[in-house]
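Visitor: predicted model and sequence follow; I will ask about them next.
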Amino acid sequence: MVSPTAWQMERSFEQTNWHMLQDGRLCDVTFLVGNDIKEEVKAHKFILASRSPVFYAMFCGSLAESSNTIQVPDIEPEIFRALLRFIYTEDCTINEDNVMPLLYSAKKYENSRLTEKCKDYLNTQLSIDNVCVILQHVHKFDETELGQKCLEFIFEDGENVLKSDGFASLPKEVLQKIIESDNLNADELSIYDACKRWAVEQQKQKCKKQKYPGTELRQELGEIVYII
């Protein structure tokens, strides 16, 4: 006879699911997570397939995985575990250190609820120091609404944002969109200095030199020079 104090009877559906995962009970799939050092993370196909169309296709689709061991080299173990925690319980602690990789994971596995939680967090955290970094990532993720909010923030406080470290790492197409906007609140000299710093950073990534001739920087900027 099962004890009336068994954990199955005292907890919610989400809690019992999480308990089964933490104890490794009846897990039927193993993920090898991480790039340099791979860690084993076990889970339940039924739960994953019920919460993610990507996992459903992985386990139940016409091209379903034949192996019960799956490589996940593009997500770090702690992030993958946070993803699983949300899938199992709808609970997840989002902070400035994990929000971007969590957003990537949510997009990869098409978990729209976690995607929205990450976007809601980012919407409340925009600052001069991080807005360009956030814009760079949401551009890759094709998150138009959040990207537009980042642009509006940049336009309004252009003089300060142009001096931020993140500005020099923006993709060229995003940089051009900012520079050519009539809404950018910054003078021409500030825009020129920021674009020059951006070009230097691009050259550093390519050539690893200490000095860069003006011709190389103009070539890096291309048509942006005329927009300035």
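Guide: Perfect, thanks for sending it.
Visitor: the residue nearest the centre of the chain - nearest residue in space that isn't next to it in sequence?
Guide: Nearest to the geometric centre of the chain sits residue 100, at 3.1 Å (Cα atoms, centre = their mean). Nearest-residue entry for residue 100: residue 137, 5.3 Å, with adjacent residues in sequence omitted and distances by Cβ to Cβ, 6 or more residues apart in numbering. Every C-beta, even on glycine, is put in place using the N, C-alpha and C of the backbone.
Visitor: which residues touch that neighbour?
Guide: By Cβ atoms under 8 Å, 6 or more residues apart in numbering, residue 137 lies in contact with 100, 103, 104.
Visitor: tell me how many other residues crowd residue 112.
Guide: Residue 112: 11 surrounding residues under other Cβ atoms under 10 Å.
Visitor: next one: it relative to residue 222, how far apart?
Guide: According to Cβ to Cβ, to the nearest Å, residue 112 stands 37 Å off from residue 222.
Visitor: can you tell me the closest non-neighbouring residue to residue 31?
Guide: Computed as Cβ to Cβ, 6+ apart, the closest residue to residue 31 that is not its neighbour in sequence is residue 41, at 4.6 Å.
Visitor: can you map out the helices along this protein?
Guide: Counting by DSSP state H, the segments of the chain that form helices are 7-10, 13-23, 45-51, 53-60, 77-89, 99-108, 112-123, 131-141, 144-156, 158-161, 172-179, 188-207, 214-221, 224-227.
Visitor: for residue 68, which of these is the nearest?
Guide: Distance to residue 68, taken as Cβ to Cβ, is lowest for helix 45-51 among these, at 8.4 Å.
Visitor: quick one: residues in contact with that closest one.
Guide: Looking at what lies outside helix 45-51 - Cβ under 8 Å, 6+ apart - the contacts are 17, 21, 28, 29, 55, 56, 58, 59, 60, 87, 88, 111.
Visitor: can you redo the residues you listed as TSV with pLDDT and distance to residue 119?
Guide: Below are the contacts of helix 45-51 laid out as TSV (pLDDT from 0 to 100; distance: Cβ to Cβ, whole Å):
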residue	pLDDT	distance to residue 119
17	88	25
21	91	26
28	93	32
29	95	28
55	96	21
56	95	23
58	93	25
59	93	27
60	91	28
87	96	18
88	95	21
111	96	12
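Visitor: most neighbours out of the residues you listed, which is it?
Guide: residue 87 (25 neighbours).
Visitor: could you report the distance from the closest residue in space to that one that isn't next to it in sequence to residue 164?
Guide: For residue 87, ignoring the flanking residues on the chain, the nearest one in space by Cβ to Cβ, 6+ apart is residue 51 at 4.7 Å. Distance from residue 51 to residue 164, counting by Cβ to Cβ: 37 Å.
Visitor: tell me the contacts of residue 14?
Guide: By Cβ under 8 Å, 6+ apart, the neighbours of residue 14 are 88, 89, 90, 91.
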